[in-house]
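Q: Sharing a model prediction with you, sequence too.
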Amino acid sequence: MGSKESLSQLHKMEGEIVPLQMIRFEPVPVRLPDIRFDWVFFGSRRGVKFFLDVVQPETLKGIHIGCVGEKTVEALRKNGLEAAFVPSRYSSTYWPGEFLKQFPGATGILFPTSDRSTFKLPKSFEEKGIRFRKLVVYRTRCFDARLPEGDFAGVVFASPSCFSCFVEKWGLDVLHGKELVAIGDVTAKAISHAGFSCSIPDRFTMADAISHCRKRIESL
């Protein structure tokens, strides 16, 4: 379960996989905040897209860029930009600590993201006096999907928004007894808060998550 973009390559994978688009995205008016920042940090390729749709890459001259995830790095490169920092583990809850170890002199971070983002200012940033500002560059909306007929053994959720939209539409009961896989720590927390256990793949891509889910199901 994911966005149209995250599900676009699943036809190349073998086996019974049912892509289900749960969310869609809308741009919002963007204005750079009046704060001084020396870093822009992208947590998704959508953040890259919607930010650079309104902010010219030349504007970021002299600004360092951080990215979470290889797909985010690819999106950045398509716009002629390179990431100065990519965490060894693609997790929004892990990268702040690793970032501070490598760049203790950072002073300000701009974080382009969705209106549904749950990422909070790390205490470590506050302690270092680092200014951190979220900048909403797109809205996440639930997609009017239809639950496929037939039984299913597992579900892969690409984001907290996918999970919340699923629950809003069909409730929690349909997930009982299923193998649940979360792409990322934040998604896993959303699922856990709903009272379900889930697992996380080593790499946070849809293909890796599906392979991980298959292995979990086969091991039962």
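A: It's in. Owing to the predicted nature of the structure, the values given are computational and were not obtained by experimental measurement. Numbering: from 1, shown residues only.
Q: Please count neighbours and contacts with C-alpha atoms only from this point.
A: OK.
Q: Please parse the chain into its domains.
A: Per automatic domain parsing, the structural domains of the chain span 26-141, 152-218.
Q: Kindly check the end-to-end length of the shortest one for me.
A: This stretch, domain 152-218, spans 13 Å end to end (CA to CA, to the nearest Å).
Q: Let me see the mean pLDDT of that domain.
A: Taken as a whole, domain 152-218 has a mean pLDDT of 92.
Q: Check which helices and strands the longest strand belonging to the chain sits against.
A: Longest strand in the chain, counting residues (DSSP state E): strand 131-142. Judged by 3 or more CA pairs under 8 Å, 6 or more residues apart in numbering; DSSP states H and E, strand 131-142 is in contact with strand 23-27, helix 45-52, strand 108-114, helix 160-170.
Q: Spell out, range by range, the helices that occur in the protein.
A: In the chain, the helices defined using DSSP state H lie at 4-7, 45-52, 70-78, 95-102, 123-128, 160-170, 185-193, 206-218.
Q: Dump these to TSV, plus distance to A84 and mean neighbour count.
A: As requested, these are arranged in TSV below (distance: least, CA to CA, whole Å; neighbours: other CA atoms under 10 Å):
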stretch	distance to A84	mean neighbour count
helix 4-7	25	15
helix 45-52	15	22
helix 70-78	10	18
helix 95-102	10	14
helix 123-128	18	12
helix 160-170	27	19
helix 185-193	23	17
helix 206-218	25	17
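Q: Take the domains of the chain and write them to TSV, including distance to L20.
A: Shown next, in TSV, are those (distance: least, CA to CA, whole Å):
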stretch	distance to L20
domain 26-141	14
domain 152-218	10
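Q: closest to I17 out of the ones you listed?
A: I17 lies closest to domain 152-218 among the domains of the chain, at 8.5 Å (CA to CA).
Q: where's that closest one relative to the chain centroid, distance-wise?
A: 14 Å (CA atoms, centre = their mean, to the nearest Å).
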